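Novice: everything below, folded, please.
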Amino acid sequence: MLVVTRKAGESIVIGDEIRITVVALEGDRVRIGVEAPKEVTILRQELREAVCQENRAAAKTGPEAIALLPRLNPGRNK
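Specialist: Here you go, the predicted model:
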């Protein structure tokens, strides 16, 4: 892991298209801004972990739950 020291208003650049800027220092919190192309997904780590956990849980859906799917949208199979 690369560790850099930045002051408010200073940035680091990743590749040619991603810029991370320290926007403000507020007590023990750091506000950062991320500039990146729209096709680059940017998530907070805790949100990404929650999404991955939900996806793993959904992948474990048993046959009894799958059998209930037609009841959620009864007109679709006509």
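
Novice: C-alpha from now on. contacts and neighbour counts both.
Specialist: Will do.

Novice: give me the buried positions along the helix or strand containing Thr21.
Specialist: If you go by DSSP states H and E, Thr21 is part of strand 18-26. By neighbour count on 16 or more other C-alpha atoms under 10 Å, the buried set for strand 18-26 is 21-23.

Novice: need these in TSV with distance to Gly62 and pLDDT, can you?
Specialist: Output for the buried residues of strand 18-26, formatted as TSV (distance: C-alpha to C-alpha, whole Å; pLDDT from 0 to 100):
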residue	distance to Gly62	pLDDT
Thr21	45	98
Val22	46	97
Val23	47	97
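
Novice: need these in JSON lines (columns: distance to Thr61).
Specialist: Listed next are these as JSON lines, based on distance: C-alpha to C-alpha, whole Å:
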{"residue": "Thr21", "distance to Thr61": "41"}
{"residue": "Val22", "distance to Thr61": "42"}
{"residue": "Val23", "distance to Thr61": "43"}
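
Novice: with the residues you listed in mind, which one is nearest to Pro37?
Specialist: Using C-alpha to C-alpha, Thr21 is the member of the buried residues of strand 18-26 that sits closest to Pro37, with 15.2 Å.

Novice: tell me what angle the helix or strand harbouring Val34 forms with strand 18-26.
Specialist: Assigned by DSSP H and E, Val34 falls within strand 29-35. If you take axes from the mean of the first three to the mean of the last three C-alpha atoms, to 10 degrees, strand 29-35 sits at 160 degrees to strand 18-26.

Novice: which other helices and strands contact strand 29-35?
Specialist: If you count contacts as 3 or more C-alpha pairs under 8 Å, 6 or more residues apart in numbering; DSSP states H and E, strand 29-35 packs onto strand 18-26.
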